[in-house]
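# model this:
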Amino acid sequence: MKNAINWFEIPVKNLSRAQAFYETVLGAKMEPMEDMGMKSAFFPADMEHGIGGSLVENEAYQPADKGTLVYLNGGEDLSVPLAKVEAAGGKVVLPKTSIGPNGFMAHFTDTEGNKVAFHSMK
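Residues are numbered from 1 along each chain as shown. Below is the predicted model of the structure:
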């Protein structure tokens, strides 16, 4: 097993709003899809060599600010996407914080009420 995680899903109430938030913050286009009674938008990923994930709108999925915390790739320096969070409708709840030799992290809530994080080495 190369990675403990190979897929994640972030629950949303309004896929269009959440997709716009993440596309703005990450500066990347997400691919929408509707299948099996769910609306989804996929984060960019190299599925052959990496980990992927999506936003999912479905009655069975409920956004949460407690529980599992997903760390998104903050790029070279997470300060860049973090600076876009509040203008895009989210809220920074833990500013950029050093985690020593493991780089930096920051926590935010998205437009749907999910607590999510960024990680970067700078």
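# where does pLDDT dip in the chain?
1 (pLDDT under 70).
# can you name the residues in contact with stretch 48-63?
With contact meaning Cβ atoms under 8 Å, 6 or more residues apart in numbering, stretch 48-63 is reached by 3, 5-15, 18-19, 22, 30, 37-43, 45, 70, 110, 112-114. Bear in mind the C-beta positions are built from the backbone N, C-alpha and C, glycine included.
# of all the residues in that stretch, which ones are buried?
51, 53-57, 61, 63 (16 or more other Cβ atoms under 10 Å).
# out of those residues, who's nearest Ile99?
Nearest to Ile99 among the buried residues of stretch 48-63: Ile51, at 19.3 Å, using Cβ to Cβ.
# circling back to that earlier point, among the contacts of stretch 48-63, name the ones in helices.
15, 18-19, 22 (DSSP state H).
# got those residues as CSV, with distance to Ala87 and neighbour count columns?
Listed next are the ones in helices among the contacts of stretch 48-63 as CSV, based on distance: Cβ to Cβ, whole Å; neighbours: other Cβ atoms under 10 Å:
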residue, distance to Ala87, neighbour count
Leu15, 20, 21
Ala18, 16, 24
Gln19, 16, 23
Tyr22, 13, 23
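# and of the residues you listed, the nearest to Lys96?
Using Cβ to Cβ, the ones in helices among the contacts of stretch 48-63 come closest to Lys96 at Tyr22, 18.7 Å.
# show me what contacts that closest one?
Listed by Cβ under 8 Å, 6+ apart, the contact partners of Tyr22 are 30, 41, 43, 55, 110.
# and which of those residues is nearest Ser79?
For these, the nearest to Ser79 is Asp110 (17.9 Å; Cβ to Cβ).
# can you pull the contacts of that closest one?
Contact analysis of Asp110 by Cβ under 8 Å, 6+ apart lists 10, 12, 18, 21-22, 63, 89-90, 116.
# do you know how far the residue nearest to it when sequence neighbours are not counted is from Met38?
Spatial nearest neighbour of Asp110, excluding adjacent residues (Cβ to Cβ, 6 or more residues apart in numbering): Gly90 at 5.0 Å. Using Cβ to Cβ, to the nearest Å, Gly90 is found at 23 Å from Met38.
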